[in-house]
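Student: give me a 3D structure for the following:
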Amino acid sequence: MSETIITVTASTDTHHSPERATVQLALGFEGPERQPVFEKTRQLHAETSESLRALHDPIADAVTRWSADQVSVWGQRPWSQDGAQLPPVYHATTTVRARFRDFSALATWIDSVAFRDGVTVTSVEWTLTSATHSALQAEAQKTAIVSARSKAQSYAEALGLSNLRPIAVADPGMLGDVGGAGSTMSVARFASHDLAKSGEGEPLDLTPADVVISASIEARFAATA
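Tutor: All right, here's what the predicted structure looks like:
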């Protein structure tokens, strides 16, 4: 009995509210003298680190992980509009990253540091825990396989075939004859977020979008009448 080979692709998305938020700050100053610039940056770095240390303890544990391990100090001589070289300007910067599980504590902490001189909030990344991510990824993969079988069944019925037998399932591009973008079965895309000050004296209003977990697969089936 001859068989008709049907090869399909399928993908699915699943959404979940963020469980962690990683905020990154750049701390730094500039000025005409190296030592005062460095000292101001060092003091700000120490105060910011201490505020995170207070949130990272066995009882509260609002912060699950934090680091403050990058520092840069340099000088440069800018040029004026007339082409004259001006006196040197010195810069000092450090980077602080903290991962929060408590988003209310995150909003309160950002309110306390973001408007200080020398502080720049460079990013907030919204993520899931590893356990949640793995579970959602596995579920998305299963859903994609079910979708692939349904698509192949539709093709088979359109050809007047009724029996469908799975032959192979693979990551995109692995079957060799279907163009796939990417080599992994599931890719996590972290959606954008809103970071807005809700009003004078009011706490920061953090409104993260859902984290989107995507799974894409290729599948091959044999169909017979």
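Student: continuing past the longest helix along the chain, what's the next helix or strand?
Tutor: Longest helix of the chain, by residue count under DSSP state H: helix 130-158. Where DSSP states H and E defines the elements, the next helix or strand beyond helix 130-158 is strand 163-170.
Student: helices or strands next to that next one in the packing?
Tutor: helix 130-158, strand 211-224 (3 or more CB pairs under 8 Å, 6 or more residues apart in numbering; DSSP states H and E). Where C-beta positions appear, they are placed from N, C-alpha and C, glycine not excepted.
Student: just the pLDDT for the residue nearest to Ser216 when sequence neighbours are not counted.
Tutor: Leaving aside its chain neighbours, Ser216 sits nearest to Ser11 (4.0 Å; criterion: CB to CB, 6 or more residues apart in numbering). Listed pLDDT for Ser11 reads 96.
Student: sec struct for Ser11, please.
Tutor: Secondary structure, DSSP: H, G, I helix; E, B strand; the rest coil: Ser11 is strand.
Student: for it, give its distance to Lys40.
Tutor: Distance from Ser11 to Lys40, counting by CB to CB, to the nearest Å: 51 Å.
Student: residue ranges in this protein under the pLDDT threshold?
Tutor: The model of the chain has pLDDT under 70 over residues 1, 58-60, 177-203.
Student: show me the domain layout of it.
Tutor: 4-17+131-224, 20-127 (automatic domain parsing).
Student: could you dump the ones you listed to CSV with mean neighbour count?
Tutor: CSV is the format used below for the domains of the chain (neighbours: other CB atoms under 10 Å):
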stretch, mean neighbour count
domain 4-17+131-224, 15
domain 20-127, 15
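Student: quick check: phi and psi at Ala107.
Tutor: Dihedral pair for Ala107: phi -60, psi -40, per degrees, to the nearest 10.
Student: hmm, Leu206 and it touching each other?
Tutor: Yes: contact criterion CB atoms under 8 Å: Ala107 and Leu206 qualify, at 5.3 Å.
Student: name the residues contacting each of these two.
Tutor: Between them, Ala107 and Leu206 share no contacting residue under CB atoms under 8 Å, 6 or more residues apart in numbering.
Student: any idea how far Thr127 is from the closest residue to Asp61 other than its chain neighbours?
Tutor: Using CB to CB, 6+ apart and skipping the chain neighbours, the partner closest in space to Asp61 is Arg101 (7.1 Å). In this structure, Arg101 and Thr127 are 11 Å apart, going by CB to CB.
Student: what do those two both touch?
Tutor: Common contact partners of Arg101 and Thr127 (CB under 8 Å, 6+ apart): Glu19, Arg20.
Student: measure Glu94 to Asp111 for me?
Tutor: Rather than Glu, residue 94 is Thr. 21 Å.
Student: what's the answer for Gln141, then?
Tutor: To Asp111, Gln141 is 40 Å away according to CB to CB.
Student: got it, and Val73?
Tutor: 29 Å.
Student: and stretch 14-32, how far out from the chain's middle?
Tutor: Stretch 14-32 has its C-alpha centroid displaced from the chain centroid by 11 Å (CA atoms, centre = their mean, to the nearest Å).
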